[in-house]
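Chemist: Sharing a model prediction with you, sequence too.
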Amino acid sequence: MVEPLTWPNEVTFHRWCSAVGTRSCTMRVRLQGANGGRIETEGFWTNLDKDTLTPSPITDGFFNRLATTTEEHQLKWHPWLPDPVPEGSASFSFPLRHTDIGTSLPPLEMPIPRTARCRARQIQTTHCRMTSEVRPGDKH
């Protein structure tokens, strides 16, 4: 978070691929509030085969679409924490929500739907009018 978003606000989402490989990409998202606030994120997306649940190649068409926003076309996955977990380290369960992980890229090949609350200018930019804060546990 660079600067907290305030409510109500009109928030612009800018999404672009910062690097792409044959099986994965890094996707950046910037949330910019018209009345102040800015959040920057980056996620590592891996395309998984729906049957084997192993990394599989991105289709040529989707690769070409992702590649329009980056010149880095040799993305390779590397662990951020290369050292093994120390012996005796504490562990605990951590429930994952659907939004915590992506399972495949092909659904993203579909166009962004146009609705009254969100209007897509292009796949990389979406505007949303936020009238209230979204809190953990809210159902939408």
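Modeler: Okay, I see it. Owing to the predicted nature of the structure, the values given are computational and were not obtained by experimental measurement.
Chemist: Quickly list what residue 48 is bridged to.
Modeler: residue 55 (DSSP bridges).
Chemist: Could you double-check that it lies in contact with residue 58?
Modeler: No - Residue 48 lies out of contact with residue 58 (CB atoms under 8 Å); the separation is 10.8 Å. The C-beta positions use only the backbone N, C-alpha and C, and glycine is treated the same way.
Chemist: in the protein, which spans are strands?
Modeler: 9-20, 24-33, 38-46, 118-122, 125-130 (DSSP state E).
Chemist: Return the helix or strand in this structure with minimum mean pLDDT.
Modeler: Least confident element among the helices and strands of the chain, by mean pLDDT, DSSP states H and E: strand 118-122 (a mean of 37).
Chemist: Out of the strands of the chain, which gets nearest to residue 79?
Modeler: Of all the strands of the chain, strand 38-46 sits nearest to residue 79, with 11.1 Å by CB to CB.
Chemist: Could you list every helix and strand that that closest one packs against?
Modeler: For strand 38-46, the elements it packs on are strand 24-33, judged by 3 or more CB pairs under 8 Å, 6 or more residues apart in numbering; DSSP states H and E.
Chemist: State the mean pLDDT of the strand it packs on.
Modeler: The pLDDT scores in strand 24-33 average 91.
Chemist: returning to what we had before: so if I had to pick from residue 48 and residue 58, which one is more boxed in?
Modeler: Each of residue 48 and residue 58 has its neighbours counted (other CB atoms under 10 Å); residue 58 has more, 25 against 19.
Chemist: I figured that one hits residue 47, correct?
Modeler: Yes - using CB under 8 Å, residue 58 is in contact with residue 47, at 4.9 Å.
Chemist: Pull up the gap between residue 70 and residue 36, please.
Modeler: 29 Å (CB to CB, to the nearest Å).
Chemist: neighbour-wise, which of those two wins?
Modeler: More crowded of residue 70 and residue 36, by other CB under 10 Å: residue 70, with 16 against 11.
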